[in-house]
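1. Whatever this is, show me its structure:
(one chain, ligands or ions: 1)
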Amino acid sequence: MAEQQQQHDDAGAAGTRGTGGELHQEVRGEVALTTAQGIPVSDNQNSLRAGRRGPTLLEDMAMREKIFHFDHERIPERVVHARGYGAHGTFTTTESLADVTTADIFAEVGRETEAFVRFSTVAGAKGSFDLARDVRGFAVKLYTRQGNWDIVGNNIPVFFIQDAIKFPDLVHAVKEAPDRAFPQAQSAHDNFWDFVSWMPEAIHMTLWQMSDRAIPRSFRFMEGFGVHTFRFLDASGKATFVKFHWKPVQGLQSVVWNEAVKINGADPDFHRRDLWDAITSGDFPSWDLGVQLFDEEFADSFEFDVLDATKLIPEEQVPVRIVGRLTLDRVVDNDFAETEQVAFHTGNVPPGIDFSEDPLLQGRNFSYLDTQLSRLGSTNFTQLPVNAPRCPVAHFQRDGHMQGHVPVGRANYEPNGWSGAERGPRADAASGFTSHATPLEGATVRERSETFADHYSQARQFWISQTDVEQEHIVNAYTFELSKCDEESVRERIVAHLRNVHPDLAQGVADGLGMELPEPADAALEPRTDLPASDALSILKNGPESFAGRKLGILLTKGADGAVVAAVRDAFTAAGATVELIAPTRGPITLSDGTPVTADHAVDGGPSVLFDAVALLPSADGATQLVGRSTARDFVADAFAHRKFIGLGADAGPLLVAAGVDPDDGVLPLDAGAAETFLTRCGELRFWDRDVKP
Ligand code: HDD
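-> Predicted coordinates:
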């Protein structure tokens, strides 16, 4: 059977993997089309009918089976994180953690563990656009030798709420309103901000959400966080608290809001296309796994409760220790089979890792397993190839819809008196999963510890850790979102909370909205003003060191200087960047030196928002031609407004003038000799000193 399966898999692109089928049938050297029952099909164009112009016959089982299957192709989308994109990879352990955990994955340096990652937005439907202002999901499945370990995280290290009982309210509030069914994939509406205004614990997270973290340039350029405090357990059962971080080797990068809005129109699949292109071109993205380890003593002395998911532990207080690297190197074969059917669960932890009492995590541990039944329709979803552990599985769970295993033997219960193969598996206290022996006390209550009561101090810490540009973006984002709220009282209540965060933030937003500053909101605990800034919280302080992995767009025309185009292309490509050409049409054109080139985009379909930097290299005639096209003028004006570096060819001047651009130090003259200098400047990604308001 195993051999037959292998042959089956080898059948090629037209084949299917992992269905347990037999050898494909062949016809004239090609794979024969069959029904799902394996019956060869003679005609896939015409249904069986009574006479050439007569009605179709019920007897046409091939047609009925085909349409039956099609009618049921869709499954319910995820109730949150519906829009996502997945890829395969490998996690390599670079530092042993054998001193603090028995988890096999950290037992020795060099251990490789297969991985699957799904990135997502939270609020939008499966078909929504990629650059919504939203939190990004960062869910990692590690197929360890002791079973699957899922780190179901986000690209933001804190969460909106402290208790899972509020999750349905949060999600209802952010999704489209139930009566009108809009707005889609965004938080800029009354319901969301109304909810937040009654939930001061959410304010810290909204600072992150209104920062550029919520409009990442790519999945490749964002961090991931496990959010909660977990426990590592050593062989003696001793616990060490741990928080998980994924740090992109590519550095952090976001787009600006005006750009995000335009990208959503120009390429709604911007993020998934980026990941697909990077992996298929061999530019494999990597993240370092970091752990913050701390003990009870630290937890007791820390200013906030380590069980409160609306708080983080600054890296300056507990450094992030890098212990492994995750590299994504394979796109999926099939989006539905893998990315849509992958099922993550915070409860999936191998021996050596355990939960904390974080009330958000505790609720999640119920929700994830539960939701898979609605979504995947059977308790047997663990048998799907993307979900199946790579280590042996042996249990007495039996039957259920779509049971794909054929258990042998008599025993389906334990203990039993059978022997040998009949006996079945047994639990083992020494090697099996154990839970931390946490001393617990107290009566049953519906109360929150007062250690969860400070809702503003870390929000302020986040604010003061940002650069001026980042603060400006946060003010603009709150202003934009609240300006979409029709209810004046909602705007007032939010600004009242912001007064407890920082006066500059509150004033900036109030000015942007054209309103008087309201009184500060009542605070359960007086906000602290003594927390120091933390550089790790800023994107711009943690940017990349080069233009590698980024994309340059060259706007050119027939007769463009071939030597300059070649020099720029060579320099950027050698530095690990991608170069794409934009021309008036996609058809082949000839450069000044006779080189034929084919554009990757026609100018109407390749706006500058798709690129990290642009070069304007038209011929003199071409520049005159482009001046007359609004899309070419927008190309230049947007690149300038989004503070991108612009390489200016000798004949491109008229284009700048037509776009209304007054060149500054971020607009660099570009000839063949200047390609390297231009590349180095582009490594800064944006010319933030540019004085523009998009
Ligand atoms: Fe959740 C999906 C991350 C709180 C209930 N969540 C989901 C996904 C991610 C997160 C990345 C997508 C997984 C995938 O790609 O398939 N969720 C988080 C984080 C949270 C969080 C970082 C807070 C720290 N979630 C949270 C709570 C609950 C849920 C408090 C419920 C009480 N989340 C779900 C869910 C989903 C889900 C309903 C939808 C689809 C799925 O699980 O498989 O169970």
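
2. now for the strand or helix carrying Ile279, which elements pack on it?
-> Using DSSP states H and E, Ile279 sits within helix 270-280. Here helix 270-280 touches strand 84-93, strand 321-331, going by 3 or more C-beta pairs under 8 Å, 6 or more residues apart in numbering; DSSP states H and E. Bear in mind the C-beta positions are built from the backbone N, C-alpha and C, glycine included.

3. ok but Gly553 is inside a strand, no?
-> Yes - applying DSSP: H, G, I helix; E, B strand; the rest coil, one finds Gly553 inside a strand.

4. neighbours around it, how many?
-> 26 (other C-beta atoms under 10 Å).

5. which residues does it form a beta bridge with?
-> According to DSSP bridges, the residues that bridge with Gly553 are Glu580, Val614.

6. In contact with it, which residues are there?
-> By C-beta atoms under 8 Å, 6 or more residues apart in numbering, the contact set of Gly553 is Val579, Glu580, Leu581, Ile582, His601, Gly606, Ser608, Leu610, Phe611, Ala613, Val614, Ala615.

7. residue contacts, the second one?
-> I take that to be Glu580. Lys551, Leu552, Gly553, Ile554, Asp600, His601, Gly606, Leu610, Phe611.

8. For Ala571, state which of the residues you listed is nearest.
-> Leu552 (9.6 Å; C-beta to C-beta).

9. Let me know whether the closest one touches Gly683 as I believe.
-> No - the criterion here is C-beta atoms under 8 Å, and Leu552 misses it with Gly683 at 11.4 Å.

10. The two: which is more packed in?
-> Leu552 (27 against 18).

11. Assumed Glu297 was part of a helix.
-> Yes - counting by three-state DSSP, Glu297 is located in a helix.

12. give me the number of residues near it?
-> Neighbour number of Glu297 under other C-beta under 10 Å is 8.

13. can you check Gln507 too?
-> Count around Gln507 with other C-beta under 10 Å applied: 15.

14. ditto for Trp276
-> Trp276 - counted by other C-beta under 10 Å - has 15 other residues nearby.

15. Quick check: chain neighbours aside, which residue is closest to it?
-> Counting by C-beta to C-beta, 6 or more residues apart in numbering, Trp276 lies nearest to Val331, which is 5.7 Å off, once chain neighbours are set aside.

16. contacting residues around whichever residue of the chain sits closest to the ligand?
-> Here the chain gets closest to the ligand at one residue, Gly137, 2.7 Å apart by C-beta to the nearest ligand atom. Shown in contact with Gly137 (C-beta under 8 Å, 6+ apart): His81, Gly84, Arg118, Phe119, Ser120, Thr121, Val122, Val152, Gly153, Asn154, Asn155.

17. Just these: which are in strands?
-> Gly84, Arg118, Phe119, Ser120, Thr121, Val152, Gly153, Asn154 (DSSP state E).

18. now, which of these lie close to the ligand?
-> Applying C-beta under 6 Å from any ligand atom to the ones in strands among the contacts of Gly137, one finds that Gly84, Arg118, Ser120, Val152, Gly153, Asn154 fall near the ligand.

19. What's the separation between the first one and Thr557?
-> Computed with C-beta to C-beta, to the nearest Å, the distance linking Gly84 and Thr557 is 39 Å.

20. Give me the domain ranges for this structure.
-> For the chain, automatic domain parsing gives the domain ranges 2-56, 68-198+213-383, 457-540, 546-682.

21. To Val406, which of these lies closest?
-> Here domain 2-56 is closest among the domains of the chain (C-beta to C-beta), at 10.0 Å.

22. List the buried residues for the helix or strand where Thr240 lies?
-> Secondary structure from DSSP H and E places Thr240 in strand 239-248. Judged by neighbour count using 16 or more other C-beta atoms under 10 Å, the buried positions of strand 239-248 are Ala239, Thr240, Phe241, Val242, Lys243, Phe244, His245, Trp246, Lys247, Pro248.

23. tell me the contacts of the second one?
-> It stands for Thr240. So Thr240 contacts Val100, Thr101, Arg231, Phe232, Asp234, Leu293, Phe294, Asp295 (C-beta under 8 Å, 6+ apart).

24. who does it bridge with?
-> Beta-bridge partners, per DSSP bridges, of Thr240: Phe232.

25. For the residue nearest to Trp276, list each beta-bridge partner.
-> Ala87.
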